[in-house]
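Q: Here you go, sequence then predicted model.
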Amino acid sequence: MSRQLQARVPRGMRDILPERMIRRRYVIDQVSRIFEEFGFEPLQTPSFELAETLLGKYGPDAEKLIYQAQHAGGKEELALRYDLSVPLARLIAMHRGQLHFPFKRYQIAPVWRAERPQRGRYREFYQCDCDIVGTTSLLADAEIIQLIHALLSRLGFKDFTIHLNSRKVLNGIGRYSGVPADQLGSLYRSIDKLDKIGMERVQEELRESQIPSEVISRLAGLLQIEGDVRSVLGRLSKELAQDSEGRQGIADLEEVLCYLKALGVPDKQLDIQFTMVRGLDYYDGIIYETSIEKPKMPSITGGGRYDQLIGLFMKDSLPAVGTSFGIERIIDAMEELNMLPDSVRGTVVRALVTLFGPDQAAISLQAAHQLRQAGIHTELYFKQSSLKSQFKYANRKGIPCVVVIGPDEAEQGKATLRNFMTSQQVQLPLSEMPSQIRRWIGN
RNA sequence: GUGGGCGUAGCUCAGUUCGGUAGAGCACCGGGUUGUGGCCCCGGUGGCCGCGGGUUCAAGUCCCGUCGCCCACCCCA
């Protein structure tokens, strides 16, 4: 005998077993339903893109994480998609003639990033994106943010905060501080950490990045602005009064806040966090991400406006705005917080039909068939074994109803139905099984 | 890319101090109860002790190497 292979999957990737798959599907169903309620259309793009489509869009840090692929006989340089936005931009450019604008689409699909895995971070994971292409109206930005709020609320999240910022404001802050363009990256990275490491350490980092001390003290004043969303914007606009782009960014945020108020999104779940940056290069307007209090994990949504990205694939760009939901993190959080309804069980099977012996096989088969015809997910026990072990099997697997057809029932053309949730038991004709089971399990 | 922790049964882990026949709980199979699950009792199956090398009469245990997983940072969903 040759030695067996180690059964393994690539790092950062995982199998999803039925129990988890069922919970996952529940969440994904909810999410798609809400996307469609808001008028987003489904769509699909390939897992692979041409490497040239993806490269140069995300920024150097992200670009290192793109999986590139080759095939011995192939001439095309391929890459696995890193997100769903850049493929969307490519699709818009290719199919703009067949689409109606503003075009709203959602996509729930895996993406791949060669990161070092850890809690809430995988190398293959699903993103749920919704985007609106073809309008600069801030109503679209507001609608996306409203959708984030509606979706998370509908799933049962309560303690979450949507952090808002604008790339325009960030650019304004950059100019305000007088940091040279080539140091803006490290400036953003440092101020982004304000929440985590505090003012002192941020100033320390800025000094280490060779940023002049007068600039640091100007920034310090700016970064200390705190309070509710509106007063933050008021004070920030005074500081950035000389910068037209910065003023524009603030005006954008004010307008969106106004819409969100009208839409009933509570202020207390919104936060103007003008130190929030977001890594991807292509954002150029309002940006946002969502954090939850517990369990502790990185942001569960992230998105923003990217009016120039599509322009990389066609002559005149089309403005676009959208967000991504981290479905993996959302599912992890919901599992940890026990947020899934009881109706989401560990198995799709609703009824187990027992098997007694060769004489009853035909009638057991017939009963299973009848239940399936009636739309009840039914499993037939295949092995002739003690009733006890068949019951045990149903119990362990979480099947709520057992249909017993032994010699007694077979003779009378009846079945004994047992409800495992309540331990009720009734004997009735085969034709009445489906309605009885439906009464027991609901639906 | 940086730092830390851990690899022993299908799963969670003890055993490593001080080298001496491979353990527990859960799961699985059978029985107690030959037509009734969960609880209980009894029995059983199951191990390349991550992998390779070294030291030794003897290595899960000591030494070297290597691979893998987890956690944190960076960054992100």
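A: That came through fine. Small disclaimer: the values here were computed from a predicted structure and weren't measured.
Q: contacts, neighbours, all on C-alpha from now
A: Noted.
Q: can you give me the end-to-end distance of stretch A:224-234?
A: 14 Å (CA to CA, to the nearest Å).
Q: now the strands for the stretch 51-200 of chain A?
A: With strands called from DSSP state E, counting those that start in this stretch, the stretch 51-200 of chain A shows them at A:68-69, A:78-80, A:103-112, A:124-133, A:160-166.
Q: Tabulate those (a markdown table), appending mean neighbour count and distance to RNA strand B.
A: Converted to a markdown table, the strands of the stretch 51-200 of chain A look like this (neighbours: other CA atoms under 10 Å; distance: least, CA to the nearest atom of the strand, whole Å):
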| stretch | mean neighbour count | distance to RNA strand B |
| --- | --- | --- |
| strand A:68-69 | 14 | 15 |
| strand A:78-80 | 20 | 14 |
| strand A:103-112 | 20 | 8 |
| strand A:124-133 | 23 | 5 |
| strand A:160-166 | 23 | 11 |
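Q: So which residues lie in contact with stretch A:83-102, not counting its own?
A: For stretch A:83-102, contacts defined as CA atoms under 8 Å, 6 or more residues apart in numbering pick out A:45, A:49, A:53-54, A:57, A:81, A:107, A:111-112, A:127, A:129, A:132-135, A:309-310, A:313-314.
Q: try stretch A:151-170
A: Residues contacting stretch A:151-170 (CA under 8 Å, 6+ apart): A:27, A:30-31, A:34, A:245-250, A:253, A:268-277, A:283-294, A:339.
Q: swap in stretch A:356-371?
A: A:353-355, A:377-380, A:384-387, A:405-407, A:410, A:430-431, A:433-434.
Q: Now, of those, which are buried?
A: Buried members of those, scored by 16 or more other CA atoms under 10 Å, are A:353-355, A:377-380, A:405-406, A:410, A:430, A:433-434.
Q: still on that earlier bit, buried subset of the contacts of stretch A:151-170?
A: A:27, A:31, A:34, A:245-250, A:253, A:270-277, A:283-292.
Q: which one among the buried ones among the contacts of stretch A:356-371 gets closest to A:F103?
A: For these, the minimum distance to A:F103 (CA to CA) is 38.6 Å, reached by A:H377.
Q: rewinding a little: might you specify the subset of the buried ones among the contacts of stretch A:356-371 located within strands?
A: The members of those that map onto strands under DSSP state E are A:353, A:378-380.
Q: For the stretch 151-300 of chain A, which residues are neighbours of RNA strand B?
A: Counting by CA under 7 Å from any atom of the strand, the stretch 151-300 of chain A comes close to RNA strand B at A:189-190, A:193, A:277-280, A:289, A:298-300.
Q: Determine which two of those residues are furthest apart.
A: Spanning the widest gap among those are A:S190 and A:I300, at 21.8 Å by CA to CA.
Q: Quick one: the strands in the stretch 251-400 of chain A, in order.
A: Along the stretch 251-400 of chain A, the segments classed as strands by DSSP E, counting those that start in this stretch run A:270-272, A:286-292, A:301-305, A:320-326, A:351-353, A:378-380.
Q: Tell me how many other residues surround A:D159.
A: Neighbours of A:D159 under the rule other CA atoms under 10 Å: 12.
Q: how much space is there between it and RNA strand B?
A: Using CA to the nearest atom of the strand, to the nearest Å, one obtains 16 Å as the distance from A:D159 to RNA strand B.
Q: And that residue, what's its pLDDT?
A: According to the prediction, A:D159 has pLDDT 89.
Q: quick revisit: name the stretch from the strands of the stretch 251-400 of chain A that approaches A:G227 most closely.
A: Among the strands of the stretch 251-400 of chain A, the nearest to A:G227 by CA to CA is strand A:270-272 (9.0 Å).
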